[in-house]
Structures are given as C-alpha cells and as structure tokens.
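Enquirer: 3D, please:
(2 chains)
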Amino acid sequence: MAFHKINITVNGAQEQVVVPSNMTLMQMLRESLALTGTKNGCSAGECGACTALMNGEPVNTCMVLAAECDGVEIVTVEGLADDNRLSPLQEAMLATGGVQCGFCTPGVLISSRALLDRNPNPSEDEIREALVGNLCRCTGYVRIIEAVKAAARTQVAASA
Amino acid sequence: MTLDTHPTLPEFEYIRPATLAEASDFLARHAGEARPFLGGTDVFVRMRDGFLTPRYLVDVKRLDGMNDLRFDPQAGLTIGAAVNMNRVAAAPEVQAHYPLLAEACRTVASYQLRTRATIVGNICNASPAGDTIGACLLFDGVLHIQGVDGPRLEPLKSFFLGPGKTTLKPGDIVTAIQFPLPPQGCQGTYIKLGRNKLSDLSIVGVTALGCPDAACASGYRFRVALTSVAPVPLVAGAVETCLAENPITPDAIQEAARLAAEASTPIDDVRGSARYRKQMVGKLSARALNAVWRKLG
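Expert: Numbers count the residues shown, from 1 in each chain, chains lettered A, B, ... in the order given. Next up is the predicted model:
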C-alpha cells in the first residue's frame, strides 16, 4: 500500500506526517500526533466523538482520509484553550455539569465552537440541531445545551 | 471469534489525479477495481463493513470546476460535484430560488457529516433513500458527466437503474448537477419520516413541489417524488395528472395522495415494513401536498 507525505497544520503547529492510504484523519491525530483528545466512538460518522475543525468547519475525522489532508488546517479539542486558560465554552461546560464521563465532550466542544463561530447567538433549537451529530449517553443533553447558551452569553457580553 | 467494533479501513491505494481526463482514464483502465469518491461518507462506511473492496479510491474533489456553485438568471443553478451540503444549504442563491434543495440538505445526518457529504455523492450512491434526490428530480436536475469520450449531459430522471445502480460506466465522473430556473412562483416541501426527528435514514421520504400553471385545467401543477419506497427514487406521475385535471380541493388532494401510495413499491426492511411504508406514503403525501397548497395560497 502506498504512503503519502502530507503537510498539515494542527492547532497552529506545522506538521509533516507520512500516512498510509487507509489511515483516517482520526487515526493520524491519535496515533501519529498523540492528540488523543479526539475520540474514536463509532468509526462510522455517527457519534461525533472524533469531531475536529478542518479549515474551520467541523468534520467527523473518522470519515476523512489523512492522505486527503495535505495543506489542510485542523483544530482539535487540544487547540481550544489559550495556553493553559480554558475557553469560555470549556469553562461553561464544566460549570453547568455538561461533562460527565467526558468521552463525547471533545466532539461536543468542537461542534459548539463551530456553531458559535457561525452564529454567535443561537436559539435552543439551533443548538440542538447543531449537536445532532454528537451523541452523549450520560447527560441527557440538557446541561450541554445550557453550557452552550452560557458560553454564547459570555461571548456576546465580551464583544459588546 | 472476536468482534472488532472499530474496524479500520481495508487496504487500498489513494489516488489524486491532476486533471479530469487523467482521472477518467485511470478509472476506465481500472474498471471494477477503482472508484471515484467525493466526501466518502457512504464509501468509507461500506468499505469498513466489507461491502466494497476497491483497490483504488480516486479523489476527484479538487479537480477543475468541482467546487463551483453558480447561479445564472437564464441558465439556472449549477452545483459542482464537490460542493458540500452545508454550503448548498447556506448559499443565498439556493435559499432565494431553490429553498427546497436547502431544506432537503439540512435533513441529512448531522452538520459535521454535511461538511463532507455532497449532493452529487448522494445521487451517485443511488440509495433509494437519498434525501436530496427528490428535490433534484423535481427541479429537473441534469448531470454533467465526464467520460472517456468527453463530457456529456444526462437527465437525473433516467439515471437510476436500481439500488446502488446507475447508468454510469467505467471512466465516468459526475462533475456537477445543473438545474434550470425553477417554475415561477413554485413552493415545495420535503417530509422525511425517520426513527427520530433529525439525522436518521428515512423510512419514507416525500418531496412535493407545486406552482401556478395556466396550461393545467386546475391552474396548478403539482409533482411528488418518493424515496425509500421503491428500488429507485420515484416521481409519481399520476399525482401530477390528478391535480392538473381536477380542481384543487381537499378531496382531490386525498385522491392524489392515494395515487402516490399506489405508485410506491416498498419492501420490508430493518427500518419499516412495506405495509407501514405504503400507508405512510399516502398520509405524508397528503400532508406535503396540503402544505404546498397552503404556501401557494
């Protein structure tokens, strides 16, 4: 099987990685770059635990080939905090109890980040719709949705 | 026996040709062992599950014109094969002139899957359940296809041959789908019946489009496309005739909905029984036609 040399920016750092054709972006992040915040839930594009930003838009990284990612910019959950300071979204997720076992949390954070980037003041319906692809088996979603609302309020207040 | 719940993709070669001609030539030379892919959201899942074992996956996303989305007041809308569904749903041209297409896109899976999923991929996958196919049929979509003998056009209505089967031949690459201008004053809706409100595959899909039309005795032209209820996505012609010839009344809409159910040929599967599906085609067709009729009023 062929290998491909790709140049990729991950959380602001330039990386050069050699990947086999059948390696997914999720596997590359976890196994080649040791960024294990991106979780492997279903490997089928359904659960959203592996969600990361690809050129600013959320993708299921299990549904992207690493070989396709030459020249691409990726942000994973590890890239959300500013140095060691959590983002308002991360703070809100902790404060509301939106984190329980934590397995879905990285994907939820990335999908929520992408939502707030394209819609800084989403309605509850818009939040629910944006998180359709992120399954959580602990929280029942209520606290996660509260966290996104709280983060939106903080963000709007900060930019006012 | 151990059950691997996280199977990795089987081995294959990832190929990214520089030109359309090169891609087409490669696919033709490796007929049966190479397939083109766009977002991969169907292909990867089927490869993981062992249903597809291509030796070569040919990435056609970055080829010329594949990422264009243009609207022309005369020629209509052209959507490049690699334009993802989120982009289609958010495009002002689509929202202004073909809102039904945006509505259909938003029912597919989740936002992050739609960053990768494409309308042309949905079409080429040829699932009877394809959510965007009904809207594409009712807007009279035409596929732009690059084959080994050069480019050609093919109407979507004659493209599907069976589940997963299309008229595409080795070496063919669909580069875009084009829609003529929509009928003046048209209104549409897509009703997707899934096991949950969002994100699931459809059990029944009903797409309806209606417009004022002086050439019809009723003064209106209605069309209904059905998905998940026949081997291929289906336009129920009897619905159009019924509502063109008879005044639009609640009874006429009930009759048209009955004809839609009659046109469907569903099967029993894991998502629903044939009997249930047929009944739902009737109910949902009536609901969709009434919704469109209200919007036209």
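Enquirer: going forward, measure contacts and count neighbours with C-alpha atoms only.
Expert: Noted.
Enquirer: residue 112 - how many residues pack around it?
Expert: Just going to use chain A. 25 (other CA atoms under 10 Å in any protein chain shown).
Enquirer: nope, chain B please
Expert: Close neighbours of B:Gln112, defined as other CA under 10 Å, add up to 28.
Enquirer: what's opposite the closest residue to it other than its chain neighbours in the beta bridge?
Expert: Counting by CA to CA, 6 or more residues apart in numbering or on different chains, B:Gln112 lies nearest to A:Val59, which is 4.5 Å off, once chain neighbours are set aside. Per DSSP bridges, the residues bridged to A:Val59 are A:Ala52.
Enquirer: just the element for the residue nearest the centre of chain A, please.
Expert: Residue closest to the average C-alpha location in chain A (CA atoms, centre = their mean): A:Ile110, at 2.9 Å. Here A:Ile110 sits within helix A:105-118, counting by DSSP states H and E.
Enquirer: need the contact partners of that helix.
Expert: A:37-39, A:48-53, A:56-58, A:76-77, A:89-90, A:99, A:122, A:127, A:130-131, A:134, A:148, A:152, B:112 (CA atoms under 8 Å, 6 or more residues apart in numbering or on different chains).
Enquirer: in ChimeraX, how would I select just the buried ones from the residues you listed?
Expert: Selection of buried members from those for ChimeraX, criterion 16 or more other CA atoms under 10 Å in any protein chain shown:
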select /A:37,38,39,48,49,50,51,52,53,57,58,76,77,89,90,99,122,127,130,131,134,148,152 /B:112
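Enquirer: of the contacts of helix A:105-118, which belong to helices?
Expert: A:89-90, A:127, A:130, A:148, A:152, B:112 (DSSP state H).
Enquirer: got the contact list for residue 55?
Expert: Chain wasn't specified; assuming chain A. By CA under 8 Å, 6+ apart, the contact list for A:Asn55 reads A:72-74.
Enquirer: not quite, I wanted chain B
Expert: B:11-13, B:33-34.
Enquirer: just those residues that are near chain A?
Expert: By CA under 8 Å from any CA of the partner chain, the members of these lying near chain A are B:11-13.
Enquirer: hmm, B:Asp64 is touching B:Leu20, no?
Expert: Yes. With contact defined as CA atoms under 8 Å, B:Asp64 reaches B:Leu20; the gap is 7.3 Å.
Enquirer: return the closest of the ones next to chain A among the contacts of B:Arg55 with respect to A:Ile6.
Expert: In terms of CA to CA, no member of these lies closer to A:Ile6 than B:Glu13, at 15.3 Å.
Enquirer: near chain B, which residues of chain A show up?
Expert: So far as CA under 8 Å from any CA goes, chain A lies against chain B at A:1-2, A:21-23, A:40, A:42-46, A:48, A:51, A:57-60, A:63-64, A:67, A:111, A:129-133.
Enquirer: averaged pLDDT, the helix holding A:Ile110. What do you get?
Expert: Averaged over helix A:105-118, pLDDT sits at 98.
Enquirer: give the full set of residues in contact with the nearest residue to B:Ser202 once chain neighbours are set aside.
Expert: Of all residues not flanking B:Ser202 in the chain, B:Gly194 sits nearest, at 4.6 Å (CA to CA, 6+ apart). If you count contacts by CA under 8 Å, 6+ apart, B:Gly194 has them with B:200-204.
Enquirer: among the residues you listed, which ones are buried?
Expert: Applying 16+ other CA under 10 Å to the contacts of B:Gly194 flags B:200-204 as buried.
Enquirer: out of the residues you listed, which are inside strands?
Expert: In this view, those that belong to strands under DSSP state E are B:Val204.
Enquirer: next up, identify which helix or strand B:Arg275 is on.
Expert: Short version, using DSSP H and E: B:Arg275 is in helix B:274-296.
Enquirer: no further queries at this time; thank you.
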